[in-house]
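Participant: Sequence plus predicted model, see below.
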Protein chains: 4
Amino acid sequence: METREEVMFFDTDCGAVVHNIAYLRMIETCRTRLAAKMGMDLNSMAETQVYPVVARTEIDYKQPAKLGDWITIKGRLGEIGKARFWCHFEMIRESDESLLVSARQSLALVRMPQGKPLRLPSEWAQKWGAQA
Amino acid sequence: METREEVMFFDTDCGAVVHNIAYLRMIETCRTRLAAKMGMDLNSMAETQVYPVVARTEIDYKQPAKLGDWITIKGRLGEIGKARFWCHFEMIRESDESLLVSARQSLALVRMPQGKPLRLPSEWAQKWGAQA
Amino acid sequence: METREEVMFFDTDCGAVVHNIAYLRMIETCRTRLAAKMGMDLNSMAETQVYPVVARTEIDYKQPAKLGDWITIKGRLGEIGKARFWCHFEMIRESDESLLVSARQSLALVRMPQGKPLRLPSEWAQKWGAQA
Amino acid sequence: METREEVMFFDTDCGAVVHNIAYLRMIETCRTRLAAKMGMDLNSMAETQVYPVVARTEIDYKQPAKLGDWITIKGRLGEIGKARFWCHFEMIRESDESLLVSARQSLALVRMPQGKPLRLPSEWAQKWGAQA
């Protein structure tokens, strides 16, 4: 899954570069579209109240993006366990193809509002495992 | 009601001043504490599912705040109608007492998740009207 | 200028609707693209250090958007004065064409980092005035 | 260093819990105050243009916070290397002392706007190493 973002003022801080938190918002948009491709679109979630919830984030900031940069965010599914799965992300500045950020997030499926963690569907490993 | 905020990196943008959206987050914190004083604390809201919802915001940006500035946000209740009430805000830089932002917001009480607007409690005008 | 946004988790709050501040981020993206069409693209700004700065925002929240909604943000240039110009925005839910938000913002051109306000280019009224 | 935050609407999402990105804003406030104690206050940074920049974040989301929760954020300095140092954070809900989030961030000192990484001051390891 690839998404694109143009760096806006609200993404930057007074160090003249993109603020470290803003990258995570961009990653969430990519992750949401990735989840939609896996059958977890936002409207279904709102109905079933089953949401993928981030359990852990690891993110490396390698090069800073600047105002007006176009960034491609590449997201893909990684390891799939019984209750957790991982998503991997790379953020690349389009003008010079430099790697700005690499990140991975582990997620669980939980039923809200109780926050009850669910087993991952058994077909996932088969269906999506090849992507890892 | 007065709240205080120290300008953080995430509040600023690459123009080296506080981003216009960040002031509204600071105002919301002040407004939330003002509401708590009126009996609408966050825990009660979560239980009753009755929330004050912003219907309109008017905000004037007069002077920019910078990284490290301490800001006092002064919020007070204004006009109280049948279904809407107004809150007024001033944001002042503590170091030189300059007025950074003035704003007002009209709010309605709604019952969630239906979003049904409620009449304001009749005692409000009496109880809080003097502040306007 | 029209931009589109899909409502993400980070746009919503626990009232199950889009948070009032999130709409302003969406408006800023629309406004930035509108400015680019007028010759003020983000890269030029970063070079010239001349930025359009929001002086006032008026925003009416009419209907709430929900997770997964697609929103069209329509922005256009309004009145052009000597030192201030206005932009007008409407946010429309695509599924039912309901008007969610209407807003207008007045902006000034300032040279950073001094924050010095500039006169608007005299050709603007002629060139862009017809849109108002 | 301990800071406190009350969970506001803008911190939550429609899953009725605090959004994963909001915790990072709270951590940044704690980290900023920790840096100030080490002599890197925001005003000095704005003058020297030397900033601590996050190079990596690892964050584990253990329990969700809810609207109105008061959270204590505990930050402390960890390992100090030649060019990187680590900060460790725990976020604890005050009402039941449950651990919500644990995180660590590695930071580098960079001179802006060039983004040039600097060696850490040699006295840091001696002065602050004991905290790790």
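Facilitator: Everything's here; your move.
Participant: And the residue positioned nearest the centre of chain A, which helix or strand is it part of?
Facilitator: Nearest to the mean C-alpha position of chain A, counting by CA atoms, centre = their mean, stands A:Arg31 at 3.3 Å. Assigned by DSSP states H and E, A:Arg31 falls within helix A:20-37.
Participant: Identify each buried residue in the next helix or strand after that helix, please.
Facilitator: Next helix or strand after helix A:20-37 toward the C-terminus (DSSP H and E): helix A:42-48. Neighbour counts over helix A:42-48 (16 or more other CB atoms under 10 Å in any protein chain shown) mark A:Leu42, A:Met45, A:Ala46 as buried. (C-beta placed from N, C-alpha, C; glycine too.)
Participant: circling back: test my guess that the residue nearest to the centre of chain A contacts A:Arg76.
Facilitator: No: A:Arg31 is not in contact with A:Arg76 according to CB atoms under 8 Å; the separation is 10.4 Å.
Participant: Mind listing the shared neighbours of the two?
Facilitator: Residues touching both A:Arg31 and A:Arg76 (CB atoms under 8 Å, 6 or more residues apart in numbering or on different chains) are A:Cys87.
Participant: Now find how far off-centre stretch A:6-20 is within its chain.
Facilitator: Per CA atoms, centre = their mean, to the nearest Å, the displacement of stretch A:6-20 from the mean C-alpha position of its chain is 19 Å.
Participant: Name the residues that touch that stretch?
Facilitator: A:5, A:22, A:59, A:61, A:64-71, B:9-10, B:12-17, B:19, B:21, B:66-67, C:25, C:28-29, C:32, C:42, D:24, D:46, D:51, D:53-54, D:57, D:112-113, D:115.
Participant: what is the mean pLDDT for it?
Facilitator: Mean pLDDT, stretch A:6-20: 95.
Participant: can you dump the C-alpha coordinates of that stretch into PDB?
Facilitator: Output of stretch A:6-20 as PDB, limited to C-alpha atoms (Å, rounded to 0.1, in the frame of the first residue of the first chain):
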ATOM      1  CA  GLU A   6       2.700  16.900   0.900                       C
ATOM      2  CA  VAL A   7       4.300  18.400   4.000                       C
ATOM      3  CA  MET A   8       2.200  21.200   5.300                       C
ATOM      4  CA  PHE A   9       2.900  23.900   7.800                       C
ATOM      5  CA  PHE A  10       1.100  22.000  10.500                       C
ATOM      6  CA  ASP A  11       3.600  19.100  10.000                       C
ATOM      7  CA  THR A  12       6.700  21.200  10.700                       C
ATOM      8  CA  ASP A  13       8.100  22.800  13.800                       C
ATOM      9  CA  CYS A  14      10.400  25.700  14.400                       C
ATOM     10  CA  GLY A  15      13.400  23.600  13.700                       C
ATOM     11  CA  ALA A  16      12.200  24.000  10.100                       C
ATOM     12  CA  VAL A  17      11.700  20.300   9.700                       C
ATOM     13  CA  VAL A  18       8.800  17.900  10.000                       C
ATOM     14  CA  HIS A  19       7.900  17.200  13.700                       C
ATOM     15  CA  ASN A  20       8.500  13.600  14.800                       C
END
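Participant: Can you pull the residues of chain A lying near chain C?
Facilitator: Residues of chain A lying close to chain C by CB under 8 Å from any CB of the partner chain are A:6-10, A:25, A:28-29, A:32, A:41-43, A:45-46, A:66-68.
Participant: Identify the residue spatially nearest to A:Ser109, adjacent ones excluded.
Facilitator: Rather than Ser, residue A:109 is Leu. Excluding the flanking residues, the one nearest A:Leu109 by CB to CB, 6 or more residues apart in numbering or on different chains is A:Leu118, at 4.4 Å.
Participant: Just the pLDDT for the one you found.
Facilitator: Reading off the model, A:Leu118 has pLDDT 94.
Participant: separation between A:Arg25 and A:Leu100?
Facilitator: As for A:Arg25, its distance to A:Leu100 is 14 Å (criterion: CB to CB, to the nearest Å).
Participant: So between those two, which is more surrounded?
Facilitator: A:Leu100 (21 against 18; other CB atoms under 10 Å in any protein chain shown).
Participant: Just the buried positions in the helix or strand that one falls within, please.
Facilitator: If you go by DSSP H and E, A:Leu100 is part of strand A:99-111. Neighbour-count burial for strand A:99-111 flags A:Leu100, A:Val101, A:Ser102, A:Ala103, A:Arg104, A:Gln105, A:Ser106, A:Leu107, A:Ala108, A:Leu109, A:Val110 (criterion: 16+ other CB under 10 Å).
Participant: who does the fifth one bridge with?
Facilitator: Counting by DSSP bridges, A:Arg104 is bridged to A:Glu58, A:His88.
Participant: so what's A:Ala132 scoring on pLDDT?
Facilitator: For A:Ala132, the model assigns a pLDDT of 45.
Participant: Run through chain A and note the low-pLDDT ranges.
Facilitator: Scanning chain A for pLDDT under 70 picks out the ranges A:130-132.
Participant: Tell me the residues on it that lie near chain B, please.
Facilitator: A:Phe9, A:Phe10, A:Thr12, A:Asp13, A:Cys14, A:Gly15, A:Ala16, A:Val17, A:His19, A:Ile21, A:Lys66, A:Leu67.
Participant: Out of the residues you listed, the closest to D:Ile80 would be?
Facilitator: Distance to D:Ile80 across these (CB to CB) is lowest for A:Gly15, with 22.1 Å.
Participant: The closest one: how many residues sit nearby?
Facilitator: So A:Gly15, with other CB under 10 Å, has 21 neighbours.
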